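Sharing a sequence plus its predicted fold:
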Amino acid sequence: MKSQRLRDLHRLLREGRAASQEDLVHELRSAGHEVTQATVSRDLRTVGALKVRVDGELAYRLPDDVPSAAAGELTARSLARVLTELAIDIRPAGSLVVVSTPPGHAGAVARALDLAPAGEVMGTLAGDDTIFVATADAGSAKGLAYRWLSAAGMNMPTVGSEEETP
């Protein structure tokens, strides 16, 4: 049941019939699935769907279907949208960049970061609401954090600020 529902959800997302969770509930029910909005919400997290602007309208898409500059990569503009909508905090920590998201969104954001054109990213590890992004060194982490903060319209914490003290 669940595997067929997830396959149908993938199909709906690829067909672009996913403007809202309510639309997906209706479409999945039409396909014979007994679902609620909560079920659809969990399934969207499971498949890593992102809510992005498509032709000026918000819609759910699979990360692979987000417009890209090259096969398998998000454009800088698309990544900026993901970070603006879902990043709560972005901080360098040694050779890592730590990205905080709302609960349940770290996997989708990590997927977007993995697809983004940033040569410094060696890999990502996502929990429920936190992502560790590995880079080669502290300088790379600071540069990457600064670029992502700028893209998201956030400010880099200043050295010695209250936010940085334990």
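On my side now, so go ahead.

pLDDT weak spots in the chain?
Scanning the chain with the threshold set as pLDDT under 70 gives 53-56, 64-76, 117-118, 157-166.

residue boundaries of the strands in it?
Counting by DSSP state E, the chain has strands at residues 50-54, 57-61, 89-93, 96-100, 123-126, 130-134.

between the ones you listed, which one is nearest to Thr39?
strand 57-61 (14.4 Å; Cβ to Cβ). For every residue, glycine as well, the C-beta is placed using N, CA and C.

Could you tell me which residues within that closest one count as buried?
Buried residues in strand 57-61, counting neighbours by 16 or more other Cβ atoms under 10 Å, are found at Ala59, Tyr60, Arg61.

Sheet partners, orientation included, of that strand?
Using DSSP bridges, strand 57-61 pairs in its sheet with strand 50-54 (antiparallel).

on that earlier part again, would you tell me which one of the buried residues of strand 57-61 comes nearest to Met1?
Nearest to Met1 out of these is Tyr60 (Cβ to Cβ; 21.2 Å).

okay, now the closest residue to the closest one other than its chain neighbours: neighbour count?
Leaving out its chain neighbours, the residue that sits closest to Tyr60 by Cβ to Cβ, 6 or more residues apart in numbering is Ala18, at 3.9 Å. Per other Cβ atoms under 10 Å, the neighbour tally for Ala18 reads 23.

and if you look at Leu50?
Neighbour count of Leu50, defined by other Cβ under 10 Å: 24.

Make sure it is actually in contact with Ala108.
Yes. Applying Cβ atoms under 8 Å, one finds Leu50 in contact with Ala108, separated by 5.3 Å.

can you tell me which residues contact Ser41?
Shown in contact with Ser41 (Cβ atoms under 8 Å, 6 or more residues apart in numbering): Gln21.

Give me the domain ranges for the chain.
Using the TED database, the domain ranges for the chain come out as 1-65, 79-152.

tell me the most buried of these?
The highest average neighbour count among these, using mean count of other Cβ atoms under 10 Å, belongs to domain 79-152 at a mean of 18.

Helices of the protein, residue ranges please.
All helices of the chain, identified by DSSP state H, fall at 2-15, 21-30, 37-47, 76-86, 106-115, 138-152.

Output the ones you listed in a markdown table; the columns should cover distance to Ser95.
Putting the helices of the chain into a markdown table (distance: least, Cβ to Cβ, whole Å) gives the following:
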| stretch | distance to Ser95 |
| --- | --- |
| helix 2-15 | 35 |
| helix 21-30 | 38 |
| helix 37-47 | 28 |
| helix 76-86 | 20 |
| helix 106-115 | 15 |
| helix 138-152 | 5 |
